[in-house]
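*Asks:* here is the input, now give the coordinates:
(2 chains)
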Amino acid sequence: MTSYIIYGLVIILTIISAIVDIDKTKKAIKIGFNSFKKLLPSITPVMIFIGITLSILSPSSISMILGKQSGGLGIIVGLITGSIAFMPSFIAFPLGESLLSHGAGYPQIAAFISSLMAVGIVSLAIEIQYFGKKAAVSRNILALITSVIFSLIIWGVM
Amino acid sequence: MIKTIIKKYKWSIILLILLAILYFINSNLGENATIKTLSNFKSMLSVLPPILVLIGLLDVWVPKETMIKYMGHGSGIKGIFMSLLLGSLAAGPLYAAFPIAAILMKKEARFAYILFFLGVWSSSKLPLLLYEYTSFGGTFTTIHVISNLTIFLIGSFLIEKMIKKESLNKIYLSANSMIDD
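*Replies:* Model prediction:
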C-alpha cells in the first residue's frame, strides 16, 4: 500500500517535472540512480544480515525471550532485542499485542518497540557512511536513552 | 574492475558465505533466512528507488536558499517545524531516511534539525501512529510520541554541540558525496 502511494506520487511528480523541464528531470533521475548505485554495496549486506538475524530472532523466538520477562531485567532484554532485531512495524505491533495478551508488561513492550523503531545496530554501517562515526553512534545512544526513559514513564503510568 | 567489485561487495560475499554455512548446519534455518533476505530486498525495492528519485527532483528543483531559509542555521522554530513535518509524513524503514537527510544536508540544513528529523522518522510517522494506537492504546502511543520527540529534540542540539566544526564540515562533505551525480 505505502509502496503504491510512494511510487505513484513520485511518478506523477516526475511527469510534471519532465513537462516543465526535461533536462532537469533527466539530471534528477540520474542523481537518483547514482545514489542507488552508491547505496547498493552497503545496503546489500544489511539485507542479508537482517534475513539471517530475523530467521534466528523470529517473532516466535522474540516472544519466548520477552514473554516471561518482567521488571527491570525485562526492560533490558526488550532494549537489547529491539536494538538488534529489525522488522517492519506491521509485524512488530501485532507481536507486541500478542505478547501483552500472554502476560508481558507494557514497560517491556515499550522498551522493545521504541528501540526497534529508533535504534539501528544492523544499519549502523550505512548510517556511519552518511553521518560519520561520532554522529551516528551518538544518535543511536540517544535513541537508546529515549527508549529507556519512555519505558520507565510507562512503568510509572500504566 | 573485478577486483574493485569484489572489494565493494566484500561484506555481501562474506554474508552470502555465512548464509551457505547456516544452510549446511541447519537447512530449515538456512532456507528461512534466504526467504527473509529476499523479502527484505523486496521491501527495500518497494520504497527506496522512488525516494531516491524524489531526492534527485528535490536536488534540481529546490534552491539552496529556500532550504537555508526553512531549515538553515537562522531558521529557528521554522526548522524544527519542517523536521517534524518531513519526518511524520514519511514512510519506510529508518535507512530510507538517511538519503533524505543527505539531500537536506546538501542544501545546508542545520545538523540539529537533521538529527531531529531522524528522531521524528523513527518514532512518530503518522501512518504508523494510527496503527500503534489500535495496537497499544492512546496512553501508550501519546507517551511514546511525547517522550521520544522531547528527548530527540534536546538530544539533537546536544549532539550538534558535541561535534567539532571541522568534523561537521567533513560530515556534510561525506553526505554530499552520497548523492552527487
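*Asks:* Provide the secondary structure category for B:Ser123.
*Replies:* At B:Ser123, secondary structure determined by DSSP: H, G, I helix; E, B strand; the rest coil is coil.
*Asks:* just give me the neighbour total for the residue in chain B positioned nearest to chain A.
*Replies:* Chain A sits closest to B:Thr37 of chain B, with a gap of 3.0 Å, by CB to the nearest CB. Where you see a C-beta, it was placed from the backbone N, CA and C, and this is true even at glycine. For B:Thr37, the count of nearby residues is 22 (other CB atoms under 10 Å in any protein chain shown).
*Asks:* helix or strand for it, just tell me which one.
*Replies:* helix B:27-61 (DSSP states H and E).
*Asks:* list the contacts of the worst-scoring helix or strand of chain A on mean pLDDT.
*Replies:* Using mean pLDDT, DSSP states H and E, the weakest-scoring helix or strand in chain A turns out to be helix A:59-67, at a mean of 80. Contacting residues not belonging to helix A:59-67 are listed as A:74, A:77-78, A:81, A:85, A:87, A:91, A:95, A:98-99, A:102-104, A:108-109, A:112 [CB atoms under 8 Å, 6 or more residues apart in numbering or on different chains].
*Asks:* if you set the cut-off to 6 Å instead, what comes out?
*Replies:* A:Gly78, A:Thr81, A:Leu95, A:Leu99, A:His102, A:Ala104 (CB atoms under 6 Å, 6 or more residues apart in numbering or on different chains).
*Asks:* what sits closest to the residue of chain B closest to chain A if chain neighbours are left out?
*Replies:* A:Gly51 (3.0 Å; CB to CB, 6 or more residues apart in numbering or on different chains).
*Asks:* what's near enough to touch the closest residue to chain B within chain A?
*Replies:* Closest contact between chain A and chain B, by CB to the nearest CB, is at A:Gly51 (3.0 Å). Residues in contact with A:Gly51 (CB under 6 Å, 6+ apart) are B:Ala33, B:Lys36, B:Thr37, B:Asn40.
*Asks:* after the helix holding B:Thr37, next one along is what?
*Replies:* helix B:64-71.
*Asks:* buried ones in the following helix or strand past that next one?
*Replies:* As assigned by DSSP H and E, the chain's next helix or strand after helix B:64-71 is helix B:77-88. Within helix B:77-88, the residues that qualify as buried are B:Gly79, B:Ile80, B:Met82, B:Ser83, B:Leu84, B:Leu86, B:Gly87, B:Ser88, counting by 16 or more other CB atoms under 10 Å in any protein chain shown.
*Asks:* which one of these is nearest to A:Ser55?
*Replies:* Nearest to A:Ser55, judged by CB to CB, of the buried residues of helix B:77-88 is B:Gly87 at 30.8 Å.
*Asks:* for the closest one, which non-adjacent residue is closest in space?
*Replies:* In this structure, B:Gly87 finds its nearest non-sequential neighbour in B:Val120, 2.7 Å apart by CB to CB, 6+ apart.
*Asks:* touching, that neighbour and B:Leu85? I think so.
*Replies:* No. B:Val120 is beyond contact range of B:Leu85, at 8.7 Å (criterion: CB atoms under 6 Å).
*Asks:* could you identify the most distant pair in the buried residues of helix B:77-88?
*Replies:* B:Gly79 and B:Ser88 (14.9 Å).
*Asks:* follow-up on the earlier one: quick one: residues contacting the residue of chain B closest to chain A.
*Replies:* A:Met47, A:Ile48, A:Gly51.
*Asks:* which residues touch the second one?
*Replies:* What that stands for is A:Ile48. Contacts of A:Ile48 (CB under 6 Å, 6+ apart): B:Leu15, B:Thr37.
*Asks:* with the first one instead?
*Replies:* By CB under 6 Å, 6+ apart, the contact set of A:Met47 is B:Thr37, B:Asn40, B:Phe41.
*Asks:* can you rerun that using 7 Å?
*Replies:* B:Thr37, B:Asn40, B:Phe41, B:Met44 (CB atoms under 7 Å, 6 or more residues apart in numbering or on different chains).
*Asks:* any idea which of those is closest to A:Trp155?
*Replies:* Closest to A:Trp155 out of those is B:Asn40 (33.2 Å), distances taken as CB to CB.
*Asks:* before we move on, what SS does the nearest residue to that closest one once chain neighbours are set aside have?
*Replies:* Counting by CB to CB, 6+ apart, A:Met47 is the residue found nearest to B:Asn40 once chain neighbours are left out, at 4.2 Å. Under three-state DSSP, A:Met47 falls in the helix class.
*Asks:* work out for me the element the spatially most central residue of chain A sits within.
*Replies:* When chain A is reduced to its mean C-alpha position, the nearest residue by CA atoms, centre = their mean turns out to be A:Met117, at 4.4 Å. Following DSSP H and E, the helix or strand that holds A:Met117 is helix A:106-118.
*Asks:* show me what counts as buried in the next helix or strand along the chain from that helix.
*Replies:* Tracing the chain past helix A:106-118, the next element assigned as helix or strand by DSSP H and E is helix A:124-157. Buried residues in helix A:124-157, defined by neighbour count with 16+ other CB under 10 Å: A:124-132, A:134-136, A:138-140, A:142-144, A:146-155.
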